[in-house]
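Student: Okay, predicted coordinates and the sequence, questions at the end:
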Amino acid sequence: MLDLLAAELRRVRAEHGNEAIFGGSYGWASAGRFHHAQSQLHRFLNLFGGFTGSRNSYSNGTSVVLLPHVVGDADTVLRKASSWPTITANTELVVAFGGIPAKNVFVTPGGITRHGTPGHLAALAERNIEVALVSPLRTDLPPTVPATWYPVEPGTDVALMLGLAHTLIAEGLHDLAFLDRYCVGFDTVAEYLKERDADWAAGVCGIPADDIRALARRMAAKRTLVTVTWSLQRIRYGEQPVWAGLLLAALLGQIGLPGGGFGHGYGSMGDVGDNGPVVRLPHLPQGTNPVRTFIPVARIADLLLNPGDTYDYDGKVLTYPDIRLVYWAGGNPFHHHQDLARLRTAFGRPDTIVVHEPHWTATARHADIVLPATLPLEREDFGGGRRDTHLIAMHRAVDPYGEARDDHDILAGLARRLGFADGFTEGRTAREWLVHLYEKWRTADAPGFADFWAAGGYQLPPGPTDFTLFERFRADPDKNPLKTPSGRIELASDTVGGFGYDDCPGHPAWLEPEPSGFPLHLIANQPSTRLHSQLDVGPVSRASKVDGREPVTINPADAANRGIAAGDVVRIFNDRGACLAGAVLTDAIRPGVVQLATGAWFDPVDTPDGVLCVHGNPNVLTADVPSSRLSQGCAGQHARVQIERYAGTPPPVTVTEPPTLAPLAR
Ligand code: PGD
C-alpha cells in the first residue's frame, strides 16, 4: 500500500505541483505531543516540497481574525484576560454569554494534568458571586452554580448586548474617561446605539426590557466580568457577539482591572483562565512549507468544489487552488464540517483521498486509501497542554491492534520510498525522538530522560503567568499601546469598515438573520460524552444514546405540539438533509429551540428526499456558509429545522460496526 501511495504522491507532484496536495488535515487528534498527527504529517509534506494548508480553527476561527483588528492580538483576550483565581477573588458579577459549560473544560490540545475549572466554578457559588447566564440552555452552567437564567433566543446575544449598552449610555452609567483614554470609535457606536434601546432589544432577543435595564444597572454598580463563549462566534456574523461583548465591557470601564472587563472562552477549553506557567513543552519540529496557498479552515468543501474561484478573506482576495490529492491524519471532517451532503460531493472530486485513522470513522469510509493508526495507549509519548502543571510520561499500555502503526512510522515508511527518510526521521526511532526532544528541552533542574520516564512525569516549575497585558495597557496606554492601528481598543475599526463587507461592518452591529421556512432553532453544540466525535463507539457515548441514536433535547411544549413523547425516534430535517435522533424532553431549554450535540458518527442512507443520517449527526442540517467574508469562519453552531415523530420502523444504525471490505485487487 505504501508503494502505491508513494507512486501517487510522486505523480500528483509531477503533474500538478505541490500546491495540488491539500494537507491542512484539521482536527484534534489525541493527547500526546510527539505523535500529534498533524505535526507528523506537516513535517513529512514539508520535506516532500510542501502542500496547500489551512489556517485558524473550527473552535474560534472567527474571533482570531477579528480580534487583531480590535485589540491587536487575539491571544490577549483569549488566554490573558483575568485568571480564575483573580475572578473568584475580585469579581462581583459574571455576565456569561453562552454560559460556562463545564462539559468542555476537561480537555486542552496535548493533554491536561489537572482539571481546575470545576473547582473555580464551585468557588463562584461558595463566594456568592452573582452570575447571569445568557443562553437558550440552562445546562450551559452547572446546576450547582446559582444563576439568573436569561433564556435568550439563539443568535440574538448581540441585540441583548446592544440593549444593555444603550441603557448604560442613556442612564449615564458609562465610563467616559475610560472610553476617551483607552478606546477609539465611541462616537460612532453611540450614534448607532441611539435606535437600539432595551425595548428594541427585548423584541429581538426575548428577554423583557425591564430585566435588560435592571441587569445593565447591576453591571455598572459591580465589578463585572463580561464573558463570551467561543460557540457564540461559531455562527453567521459570528464577529458581532465578540465585538459587542467587548464594547459592553469597555462602556463599564473595567478592562484591565482584576476580575473585571472582558473574557472569551471560559468554559470553551480547559486552559482558558488557568493561571499555570506559560512554558513551551517539547514538540516535533515541522520545518517550513514552501507552498504559500492556504484556506481558512472551514472553506474545505468550497476548495475542493470550486478550483480557480476567488473569495474574500480579511481584506484580501484569495483563489482556490486545484486540489488533486487530500491527505488527512488526526481529524474527522465528516464530523466537523457543515452540510455533509455537500462535503460528500466535494470528497468525490480529487483524484485521491488518503486518511490515517485508528477508527472506521465516516472520513475513513470516504477515503481511497486508509492507513490504520495507533491510539495513545498503544504508543509512547509526552502529554501536557498550555499552562499545564506537569509533563506526563505516557507509557505504552497495550500493543498496537492488528496492523495499526504510529503515524510517524507510516510516514517514515513513505519517506523511505520517496528518498527522504533521513530528513524525516533524522535516524531516530520514536523512542529515540522522545529522548532527543526531552533532553533538548529540559533545563538543569529537570531530571534526565531515564528518571523522568521512570517517575511517570515531571512537575513543571512555577513560571510567569503573563496575565498582565491589559493591566499594563491600563497603567499607561501610551507606553504600552495595543497592537491596533490606533494603539487603543477599536470600538469602531476603519480597517474593518474599509473592507466594505456587508456581513461584517466597521463596528459591532445587529445583522438580521437570513429568513428560513423552518420553525425551530437547532443548537449543534459540543457533546458531554466524548471529545467531538472521538470514541463515539465507546461505552460512555453509547450509554447516552436513545434507541442507539444521538439524544435531541426538546422543550415539552414543542414536543406536545408535534405528538412527540420522551424516547421516541424523531426525524429532524430542513432543505439540506435529515437525521434521526432520540427525543429527550426538558424544561431546561427555551421553547422553540432544540439541541443536538455534534459527534454522532455520520451514518448516511440515501432517500428520495436526500441524505438521512440514521445516527443523529447535526452537520447534515447545518449550512456550509462562512461566519462572514472577514474571517470565513465555521458557522455550524446553529441551523433552522423542523422535527416530527418518525413513523414506521427506523433504519438501523450500522456505523458502529466496521464496513464490509472487498478483497484488495493485487
Ligand atoms: P475529532 O472527533 O476530535 O473532531 O473536529 P475534529 O476533526 O477535531 O476528530 C479527530 C480524529 O482524529 C478522530 O477521528 C480520531 O479517531 C482521530 N485520531 C485521534 N488520534 C489520532 C492519531 O494519533 N492519529 C491519527 N491518524 N488519527 C487520530 C472538531 C471540530 O468540530 C471543532 S474543534 C469544533 S470547535 C467544531 N464545533 C462544531 C460545532 O460547534 N457545531 C457543529 N455543527 N460542528 C462543529 N464542528 C467542529
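Tutor: The structure has been received and is ready for your questions. Everything quoted here is computed from the prediction, not taken from an experiment. Residues are numbered from 1 along each chain as shown.

Student: How far does stretch 93-109 sit from its chain's centre?
Tutor: Mean C-alpha position of stretch 93-109 versus that of the full chain (Cα atoms, centre = their mean, to the nearest Å) differs by 13 Å.

Student: Any buried residues in it, and which?
Tutor: Of the residues in stretch 93-109, those with enough neighbours to count as buried (16 or more other Cβ atoms under 10 Å) are 93-102, 104-105, 107-109. C-betas here are computed from N, CA, C, even on glycine.

Student: how far does that stretch stretch from start to finish?
Tutor: Counting by Cα to Cα, to the nearest Å, you get 30 Å between the two ends of stretch 93-109.

Student: for stretch 592-603, same thing?
Tutor: By Cα to Cα, the extent of stretch 592-603 from end to end equals 27 Å.

Student: again with stretch 491-509
Tutor: Terminal residues of stretch 491-509 are spaced 11 Å apart (Cα to Cα).

Student: what residues does that stretch touch?
Tutor: Stretch 491-509 has contacts (Cβ atoms under 8 Å, 6 or more residues apart in numbering) with 66, 69-70, 158, 161-162, 179, 183-186, 188-189, 192, 236-237, 239-240, 243-244, 246-247, 250, 312, 314-315, 484-485, 511, 628-631.

Student: For beta bridges, what are the partners of residue 457?
Tutor: Note on residue 457: beta-bridge partners residue 392, judged by DSSP bridges.

Student: ok, back up a step: restricted to strands, list the buried residues of stretch 93-109.
Tutor: Helix and strand membership here follows DSSP state E; of these, those in strands are 93-97.

Student: Let me have those residues in TSV, adding pLDDT and distance to the ligand as columns.
Tutor: Putting these into TSV (pLDDT from 0 to 100; distance: Cβ to the nearest ligand atom, whole Å) gives the following:
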residue	pLDDT	distance to the ligand
93	98	27
94	98	22
95	98	22
96	98	18
97	98	16
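
Student: Residues of the stretch 51-200 of the chain that sit close to the ligand?
Tutor: Within reach of the ligand by Cβ under 6 Å from any ligand atom, the stretch 51-200 of the chain has these residues: 57-59.

Student: Let me see the ranges of the helices in the stretch 101-250 of the chain.
Tutor: 117-126, 157-170, 176-182, 186-193, 198-205, 209-221, 239-252 (DSSP state H, counting those that start in this stretch).

Student: name the helices or strands packed onto the third one?
Tutor: The criterion is 3 or more Cβ pairs under 8 Å, 6 or more residues apart in numbering; DSSP states H and E, and the helices and strands that helix 176-182 contacts are helix 239-252.

Student: All the helices of the stretch 501-650 of the chain, in order from the start?
Tutor: When assigned using DSSP H, counting those that start in this stretch, the helices of the stretch 501-650 of the chain occupy the ranges 539-543, 556-561.

Student: Quick one: buried ones out of the residues of the stretch 51-200 of the chain next to the ligand?
Tutor: 57-59.

Student: Give the burial count for residue 292, as a bare number.
Tutor: Look at residue 292: counted by other Cβ atoms under 10 Å, it has 9 neighbours.

Student: From the ligand, how far off is it?
Tutor: As defined by Cβ to the nearest ligand atom, to the nearest Å, residue 292 lies at a distance of 25 Å from the ligand.

Student: just residue 349 next, same as before
Tutor: Relative to the ligand, and taking Cβ to the nearest ligand atom, residue 349 is found at 20 Å.

Student: follow-up on the earlier one: redo the helices of the stretch 101-250 of the chain as a markdown table? Include mean neighbour count, distance to residue 620 and mean pLDDT.
Tutor: Formatted as a markdown table, those follow (neighbours: other Cβ atoms under 10 Å; distance: least, Cβ to Cβ, whole Å; pLDDT from 0 to 100):
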| stretch | mean neighbour count | distance to residue 620 | mean pLDDT |
| --- | --- | --- | --- |
| helix 117-126 | 16 | 32 | 93 |
| helix 157-170 | 25 | 26 | 98 |
| helix 176-182 | 15 | 46 | 98 |
| helix 186-193 | 17 | 38 | 98 |
| helix 198-205 | 20 | 28 | 98 |
| helix 209-221 | 18 | 36 | 98 |
| helix 239-252 | 28 | 26 | 98 |
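
Student: Among the ones you listed, which comes closest to residue 535?
Tutor: Evaluated with Cβ to Cβ, the helices of the stretch 101-250 of the chain place helix 117-126 nearest to residue 535, the distance being 21.1 Å.

Student: List the contacts of that closest one.
Tutor: Outside of helix 117-126, the residues that reach it under the criterion Cβ under 8 Å, 6+ apart are 84-85, 87-88, 94, 100, 102, 105, 131, 141-142, 144-146, 266-267, 270, 273.

Student: If any of those residues are buried, put those into a PyMOL selection.
Tutor: Under the burial definition 16+ other Cβ under 10 Å, those of these that qualify are selected in PyMOL by:
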select buried, resi 84+85+87+88+94+100+102+105+131+141+142+145+266+267+270+273
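
Student: Which of the contacts of helix 117-126 fall in strands?
Tutor: 94, 131.

Student: if we can go back for a sec, any chance of the residues of the stretch 51-200 of the chain next to the ligand in JSON lines, plus pLDDT?
Tutor: Compiled in JSON lines, those are given as follows (pLDDT from 0 to 100):
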{"residue": "57", "pLDDT": "96"}
{"residue": "58", "pLDDT": "97"}
{"residue": "59", "pLDDT": "96"}
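
Student: Which of those residues fall within helices?
Tutor: Among these, no member falls in helices (criterion: DSSP state H).

Student: which of those residues lies closest to residue 429?
Tutor: residue 57 (31.5 Å).

Student: Now that closest one: closest residue in space, sequence neighbours ignored.
Tutor: For residue 57, the nearest residue in space outside its immediate sequence neighbours is residue 297; the separation is 6.2 Å by Cβ to Cβ, 6 or more residues apart in numbering.

Student: what's the one you found in contact with, if anything?
Tutor: Under the criterion of Cβ under 8 Å, 6+ apart, the neighbours of residue 297 are 24, 26, 54-58, 61, 634.

Student: May I ask which of the residues you listed has the most neighbours?
Tutor: For the contacts of residue 297, neighbours tallied by other Cβ under 10 Å; top is residue 634, 29 neighbours.

Student: what residues does the stretch 251-400 of the chain put near the ligand?
Tutor: Within the stretch 251-400 of the chain, the positions near the ligand by Cβ under 6 Å from any ligand atom are 329-332, 335-336, 356-359, 361, 373.

Student: and if we set it to 5 Å?
Tutor: Along the stretch 251-400 of the chain, the residues adjacent to the ligand under the rule Cβ under 5 Å from any ligand atom are 329-332, 335-336, 356, 359, 361, 373.

Student: care to break this structure down by domain?
Tutor: For the chain, the domain assignment from automatic domain parsing gives the residue ranges 2-59+279-459, 66-268+468-499, 520-645.

Student: What is the burial count for residue 493?
Tutor: 23.

Student: Give me the pLDDT value at it.
Tutor: Per-residue pLDDT puts residue 493 at 98.
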